[in-house]
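# Sequence first, then the predicted structure, then my questions.
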Amino acid sequence: MAKKGDWVQIHNIVLKPEERSDALPEDTKKHPLEMWVKGYLQSDAEIGDEVEVITRTGRCASGKLVNEAPYFEHNFGFLIPEVLKIGDMVREITFGGDD
Amino acid sequence: MDNSYAAIMARKNEIIRASVGMDYSSFEYDGIGFDYEAMMAATGYTLPELQRVQSLFSVGNTPLIELKNLTTLARKCAPKGKGARIFIKDEATNPSGSFKARRSCTSVYQAKKLGYKGVVTATSGNYGAAVACHAAMAGLKCIVVQECYDSRGIGQPEIIEKARKCEALGAEVVQLTVGPELFSTVLRLLEETGYFNASLYTPFGIAGVETLGYEIAQQFRTKYDRDPDVVVCTNAGGGNLTGTARGLLKADCRAKVIGASVNLTGLHMASDEQFNKKSFTTGHTGFGVPFCVNPDRSDVPRSAARPLRYMDRYVTVTQGSVFFITEALASLEGLEKGPAGNTALAAAFRIAQDLDEDQCIVVQETEYTGAGKHINPQLSFARQNGIDIHFGDPKDEIPGKSIILPAHPSLIQVTDVDLDRVRRSNIKNAVGTHKNELTDQDIQYLIDETNSNEEFVRNVIANL
Ligand SMILES: Cc1ncc(COP(=O)(O)O)c(C=O)c1O
């Protein structure tokens, strides 16, 4: 349950598949054009409810509540051993040996 | 008000006019072209004024760094006596972390001057961070519209990082799934808010990049008492190259200007399935080539970015080569930067090997790096998406299927784009369905657009 005033994320379908541009590849055209916006929730609601939010610019936007307290999870990824090898290789060629 | 896609697109011209504060129709010729220089002059800002505006935002005057170790490495791969000195302009040191700062601050300044309350921009890239940054400084509101997710809701890590950065700078970020209809969402937001359209492609933005080319010439003359021989620009929509080249010309510097893009041939930019199969969201051929052929495919009627006018050469490099050189830049020079901005560096590393040791080649930018926007998360993401990553010969890389990290730096190559072919397509596109006999003005326009000559243009037209 999200409370009025909470920072949340909402979702909308901007264009249904049949409303989309004709110039699209088939794999894209079979999906809707979707949109996500964040803002302050204007009344208590549950995930999935149609709600209104006020965004950072003060705009009122409506849509389906999909995320309470959204945050970023992107990171530096897992180990890619090749990256270490590149570092070693270029140092060896540049500074190592007499060649 | 009717907010269907078709209805919004039908209101396009009035929305653009109200939101850019510029009447594009006043530059149109009767025939096929328009007066490009008049449009550029219509910003009303001279180069010294642009420098002054940029200094108000602490933009510009970025360091020019000689990459001595990378030059040594290039020389180890080159024939004796070859291997030009490689330099890089550290544009990541701009507030907001890229050369896009130069592009946005003139737009934001203009928006403020004209009394707009906020700015809207369509970008998944560094430009959003730049606009958010300058809007914050100017006390304007800011909306950034991104193409971010595929239909599974999976976002490009690099784009998600840009969303974070824009939000950190106080902007509202509107995120969309894949598709060019993003434009209609932007138009709708412009209409709803009455904000300024801080498009990447207005003359304000491109004129802002002229200071970059100008600075390169000035810094070279002050520090080394000479001009650079070659300047390499990472090329996508073409504003980076256009602005830089114009700035070099304004400094009367005749360095060769080379565009470089990551080769993503075979991947469709509007494809939902392929959206997350690529490891570069800018600086690639998916934008670079179409924007050379037809610059006016952007979100303004006439783009101020017209790279074909200024390119002496256009090359592509592979994704694996750019990742490799990005790691080499960190390991050999202590400079940890974002990969997309290093596209030109990968090209310069190879091109330097054809030049003499006393020649100078400049990579005109770097970009910031961070979570998501860094070779490690980008390679992780690629591997998770089933891309085969291994050491080998980059020429075997297949965009969307493999990323081949060069097994040795001497395997890094550039592939030339056939510019005459691009020129022919550009002319064909510009002439389009135009029925009347082409006037001398039309021909001159096509010569300027394609940086070619009358014989070439007439020949192409005769064969249309
Ligand atoms: C770091 C960086 N380099 C180069 C480019 C390419 O610039 P342009 O689109 O003007 O060709 C971009 C733009 O997306 C960028 O963010």
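Received, thanks. Numbering: from 1, shown residues only, chains lettered A, B, ... in the order given.
# ok, residues contacting the helix or strand hosting residue B:132?
Assigned by DSSP states H and E, residue B:132 falls within helix B:126-138. For helix B:126-138, contacts defined as C-beta atoms under 8 Å, 6 or more residues apart in numbering or on different chains pick out B:57, B:94-101, B:103-105, B:107-109, B:111-112, B:118-119, B:121, B:123, B:141-142, B:144, B:146, B:162-163, B:165-166, B:169-171, B:173, B:198, B:200, B:282, B:367-368. Glycine gets a C-beta too; all of them are placed from N, C-alpha and C.
# Can you tell me the closest non-neighbouring residue to whichever residue of chain B sits closest to chain A?
Closest to chain A within chain B is residue B:380: 2.8 Å, counting by C-beta to the nearest C-beta. Take residue B:380 and drop its neighbours on the chain: the residue closest to it by C-beta to C-beta, 6 or more residues apart in numbering or on different chains is residue A:77, 2.8 Å away.
# That neighbour belongs to a strand?
No - read with DSSP: H, G, I helix; E, B strand; the rest coil, residue A:77 is coil and lies in no strand.
# hang on, the earlier thing: of the contacts of helix B:126-138, list those near chain A.
Contacts with chain A within those, as defined by C-beta under 8 Å from any C-beta of the partner chain: B:118, B:141-142, B:163, B:170-171, B:173.
# Longest helix in chain A, please.
helix A:81-95 (DSSP state H).
# What lies in contact with that helix?
So helix A:81-95 is in contact with B:69, B:72-73, B:76, B:323-324, B:327-328, B:330-332, B:375-376, B:379, B:389-391, B:405, B:408-409, going by C-beta under 8 Å, 6+ apart.
# residue ranges for the helices of the stretch 1-150 of chain B, please.
Here the stretch 1-150 of chain B has its helices, by DSSP state H, counting those that start in this stretch, at B:5-10, B:12-20, B:36-41, B:47-56, B:68-77, B:100-113, B:126-138.
# Tell me which of those helices lies nearest to residue B:415.
Residue B:415 lies closest to helix B:68-77 among these, at 17.0 Å (C-beta to C-beta).
# What mean pLDDT does that closest one get?
The average of the pLDDT scores along helix B:68-77 is 98.
# does that helix come close to chain A?
Yes - Helix B:68-77 is in contact with chain A by C-beta under 8 Å from any C-beta, via B:69, B:72-73, B:76.
# OK, contacts around the residue lying closest to residue B:274 once chain neighbours are set aside?
Nearest non-adjacent residue to residue B:274, counting by C-beta to C-beta, 6+ apart: residue B:267, 4.7 Å away. Neighbour list for residue B:267: B:274, B:277-278, B:286, B:399-400 [criterion: C-beta under 8 Å, 6+ apart].
# Same list, those residues, but as CSV with secondary structure and pLDDT please.
Compiled in CSV, those are given as follows (DSSP: H, G, I helix; E, B strand; the rest coil; pLDDT from 0 to 100):
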residue, secondary structure, pLDDT
B:274, coil, 95
B:277, helix, 94
B:278, coil, 94
B:286, helix, 95
B:399, coil, 97
B:400, coil, 97
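# most surrounded residue in the residues you listed?
The most crowded member of the contacts of residue B:267, judged by other C-beta atoms under 10 Å in any protein chain shown, is residue B:286 (25 neighbours).
# I'd say that residue and residue B:264 touch.
Yes - counting by C-beta atoms under 8 Å, residue B:264 is a contact partner of residue B:286 at 4.8 Å.
# Between those two, which contacts overlap?
Common neighbours of residue B:286 and residue B:264 (C-beta under 8 Å, 6+ apart) are residue B:278.
# Just the mean pLDDT for stretch B:47-65, thanks.
Stretch B:47-65 comes out with an average pLDDT of 97.
# can you list contacts of stretch B:245-255?
If you take C-beta under 8 Å, 6+ apart as the criterion, stretch B:245-255 is touched by B:40, B:47, B:206-207, B:209-218, B:220, B:227-231, B:233, B:257, B:309-311, B:362.
# let's see it at 7 Å
Identification of contacts with stretch B:245-255 by C-beta atoms under 7 Å, 6 or more residues apart in numbering or on different chains yields B:47, B:209-214, B:216-218, B:227-231, B:257, B:310.
# again, but for stretch A:65-72
Contacts for stretch A:65-72 (C-beta under 7 Å, 6+ apart): A:2, A:6-11, A:38, A:45, A:47-49, A:51, B:160, B:164.
# one more time with 8 Å, if that's ok
Contacts for stretch A:65-72 (C-beta under 8 Å, 6+ apart): A:2, A:6-11, A:36, A:38, A:41, A:45-51, B:160, B:163-164, B:371.
# repeat for stretch B:15-33
If you take C-beta under 8 Å, 6+ apart as the criterion, stretch B:15-33 is touched by B:34-36, B:38-39, B:42, B:110, B:114, B:120, B:187, B:190-191, B:194-197, B:199, B:202-203, B:299-302, B:430-432, B:434, B:436, B:438-439, B:441-442, B:445-446, B:449.
# of those, buried ones?
For these, a burial check counting by 16 or more other C-beta atoms under 10 Å in any protein chain shown picks out B:34-36, B:39, B:42, B:110, B:120, B:187, B:190-191, B:195-197, B:199, B:202-203, B:299-302, B:430-431, B:438, B:442, B:445-446, B:449.
# Quick check: which ranges of chain A have low pLDDT?
Counting by pLDDT under 70, the ranges of chain A that qualify are A:97-99.
# So which residues of chain A form helices?
Counting by DSSP H, the helices of chain A are A:26-29, A:81-95.
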